[in-house]
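Visitor: sequence unknown, structure follows:
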């Protein structure tokens, strides 16, 4: 059985046609909507590589039925940066601090850390470790990722205070 | 946080912490991993795998699968136009099972369909009738058991005999050790896209460690000449040894050939666990003897490695396990017996550390026993026996390069200790998350004991035993823009960064493009054995140096000067270089021209093949100059344990590592921290569990790898003693962190619990029961 529906991804409506009902949000994003940024690492919600935001809640896209996401706001790693070609503070910090190696876990971590910093702009080391403990990385041992989170938090704070002064 | 002071380089030259060129695309989700590939008309491939460890195939009925709408091809061993067997070093593994299956997970057939779910259902619809036979699962009896393969059950039996076999010191320690089956568990499952070409050939984009070796195997099986099979590197989501062997490559190409359409295969996590080799499980016996002062007198070892059903790289894992069995210590009298066997368990092969990991767990446990028996501090005992330049390996080879074993021991021991948290004083106030077991299964703070352990390990860099290894690179310079071409597989380690740094340093340019890694150029060899910095780094350096000579000759001719007086400084070609005597060779008008303006439109291009020095096979006594170079590291672990619950928390790892020269300190740090994580995994949680030859935990739900909460603080010291003969004096850095971190953690657990702990991973019941 196939069906048609539409999804709101990064603020834009996307038609999904002739889709099998059993397809996960991750599969539809990657294979039908040309959004391959979210990665498929385990298909059972263990690795966090497919982390996306649905109505602002951090979820594993592999565990969400795509058809159940109709009418919800989906934000993927492709939708985080303010405009094409730019970087968020989190993305910049990942590059500068050496938090990227193979990069497969990176999109999921970037989304998860955006979610963390949105709710807790100054997390402690332990809070960061807890927040990203659902995102597995096999290359880095997490050291540079933890450094990147703190660098991003500082950069966001600096940007916010600059904005305040400017405004 | 690390104590290492990493500064971000701005020039991006050698020695700077230059940033990855692929970092931007990777953080934005724009980097194309092999699983992200797509082609018009693309089908999805999938393999049907054996569910028995040993069985005869009576029949395979694919009719029902072919009738499913959307299924475009179903193939078995009967449908292979070329060779029906493949293998990394020896072609002993069927592409699809031929008459028999030898392990659970062995491919039996494959399908291509227009949807992955259709492909899955088609695999389920294939009916295979098996006549199940008794599997050979115990490696201890494999050598004497009836052969389960025409090539026999012994992949390699290597003995090392050195010195006086009767020599014995007064202090003797003996022990038996077990290492479980670890998995590389990279994050990006195997994936590739095969596209049939108009010339009758095949294009395959795939994640791999060695494009050219893959191409040979694929071409043989497709029945095509190698030049009709073109491989390109798809984005690789980690490797750690598991991508040295062919996985889906041949299946995807055969399906594409049959269907006449592009075929993509992406493994699920379960199929990834079933579809690649693992680290060899090991049973190891060792006996050391020493003088009363703690100087090693004799060393004996018996090592048994379970290679599983097919050979992969077991032959060379056996060599490494034997050659480095005693660890980085001087011992003149040695007898080592190392056996790698075939069983009906899953095939094992390369994983980071490659044979040195298993023996290091054993020899470091032995060194602690010896220290105890001699009444010496474990660090002191290791220092007394530390190998160094001029000493000989078990194989008789004299160490003629840098090997600062004593220095890495001293520098590790001198690193700062962790902040003293969660001890009795502040046990009530510390966050329970910092206790063994973390939240939910929180250890009782009053029960927590802290232990400290120390370990040292080493291994070879590059391939060994006479293998003529090489790498090819091309450099092209036009108007100040350098393009480097090399087929070295970037798997996350950062070769792409290094290649740019080399070109910038040699040519004085800023902009360096990296051409895609593919088989249009000669082989770069494998991204394994800590070899790419040396081999492909060396090839890129030589190619850039050759272009630099062309460039300087061109400028010299234009200015009528001797090229020898020209140098490149800060991106400019200048003639202010004095000769050796301090006096300019010729009196000239000064040259000062930007590299970018030195020859408008002129193409300077060179391709070179780089080789390391010759090595030699081992003789019947395991003697010979078999290795190119060696690298060592030491690890100190601080661990908290709740002995009643068997819960563990690694508090800190301190390490000093022999890196030769740190060409990119930030990337070196990343390799060290990442390698330690895998060593911690083997020490405390990672094991593929087999029951009757079947993997019980092929998922990230059940095969646990360290999370951010499991990783301790890491204190790092880089020991830089340039390696003679190595490009830039640099050593590969990827493997040593994984070797001695495991035994250091287990030593700390022994110190905290008083238990012998002779097996890794250490399980809660090993501590609490």
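Guide: In hand now; what should we look at? Remember, it's a predicted structure, so these values are computed and weren't measured experimentally. Numbers count the residues shown, from 1 in each chain, chains lettered A, B, ... in the order given.

Visitor: Chain A: strands as residue ranges?
Guide: Listed in chain order, the strands of chain A (DSSP state E) span A:2-9, A:12-20, A:51-54, A:57-60, A:73-75.

Visitor: quick one: the residue nearest to residue A:38 when sequence neighbours are not counted from chain B, how far?
Guide: The spatial neighbour of residue A:38 that comes closest, neighbours along the chain excluded (CB to CB, 6 or more residues apart in numbering or on different chains), is residue A:50 at 4.6 Å. (Each C-beta comes from the backbone N, C-alpha and C, glycine too.) Remark: distance between residue A:50 and chain B (CB to the nearest CB, to the nearest Å) = 11 Å.

Visitor: just checking, residue A:50 touches residue A:37?
Guide: No: contact between residue A:50 and residue A:37 fails when scored by CB atoms under 8 Å: they sit 9.6 Å apart.

Visitor: Run a quick check on residue B:732 versus residue B:536, I expect a contact.
Guide: No: between residue B:732 and residue B:536 there is no contact under CB under 8 Å: 10.9 Å.

Visitor: Now do the same contact list for the residue nearest to residue A:38.
Guide: A:26, A:38, A:39, A:40, A:41, A:60, A:61, A:62, A:108 (CB atoms under 8 Å, 6 or more residues apart in numbering or on different chains).

Visitor: okay if I get those as TSV plus neighbour count?
Guide: Formatted as TSV, those follow (neighbours: other CB atoms under 10 Å in any protein chain shown):
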residue	neighbour count
A:26	24
A:38	25
A:39	30
A:40	28
A:41	29
A:60	25
A:61	29
A:62	24
A:108	30
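
Visitor: for these, which one is nearest chain B?
Guide: Comparing those against chain B with CB to the nearest CB places residue A:41 closest, at 5.1 Å.

Visitor: Give me the distance between the closest one and residue A:110.
Guide: Using CB to CB, to the nearest Å, residue A:41 is found at 15 Å from residue A:110.

Visitor: Quick test: name the residue nearest the centre of chain A.
Guide: Chain A has residue A:111 as the residue nearest its centroid, 2.3 Å off, counting by CA atoms, centre = their mean.

Visitor: Number of residues surrounding the residue nearest to it when sequence neighbours are not counted?
Guide: Nearest residue to residue A:111, sequence neighbours excluded (CB to CB, 6+ apart): residue A:51, at 4.4 Å. Other residues near residue A:51 come to 29 when the count uses other CB atoms under 10 Å in any protein chain shown.

Visitor: Please list all residues in contact with the closest residue to residue A:69 other than its chain neighbours.
Guide: Once flanking residues are discounted, residue A:69 sits nearest to residue A:25: 5.2 Å by CB to CB, 6+ apart. Listed by CB under 8 Å, 6+ apart, the contact partners of residue A:25 are A:7, A:52, A:54, A:61, A:62, A:64, A:65, A:66, A:69, A:74.

Visitor: Could you report the neighbour count for the residue in chain A positioned nearest to chain B?
Guide: Of all residues in chain A, residue A:37 sits closest to chain B, at 2.2 Å by CB to the nearest CB. When counting by other CB under 10 Å, one arrives at 27 neighbours for residue A:37.

Visitor: Return the distance of it relative to residue B:569.
Guide: 42 Å.

Visitor: Show the end-to-end separation of stretch B:75-90, please.
Guide: This stretch, stretch B:75-90, spans 24 Å end to end (CA to CA, to the nearest Å).

Visitor: Repeat that for stretch B:268-286.
Guide: End-to-end for stretch B:268-286, by CA to CA: 40 Å.

Visitor: the helices in chain A, which residues?
Guide: A:25-27, A:89-96, A:106-119, A:125-131, A:143-166 (DSSP state H).

Visitor: ok, now the stretch 451-600 of chain B?
Guide: Secondary structure of the stretch 451-600 of chain B (DSSP state H, counting those that start in this stretch): helices located at B:495-507, B:532-559.

Visitor: what are the bridge partners for the residue nearest to residue A:111, then?
Guide: For residue A:51, the beta-bridge assignment (DSSP bridges) gives partners residue A:60.
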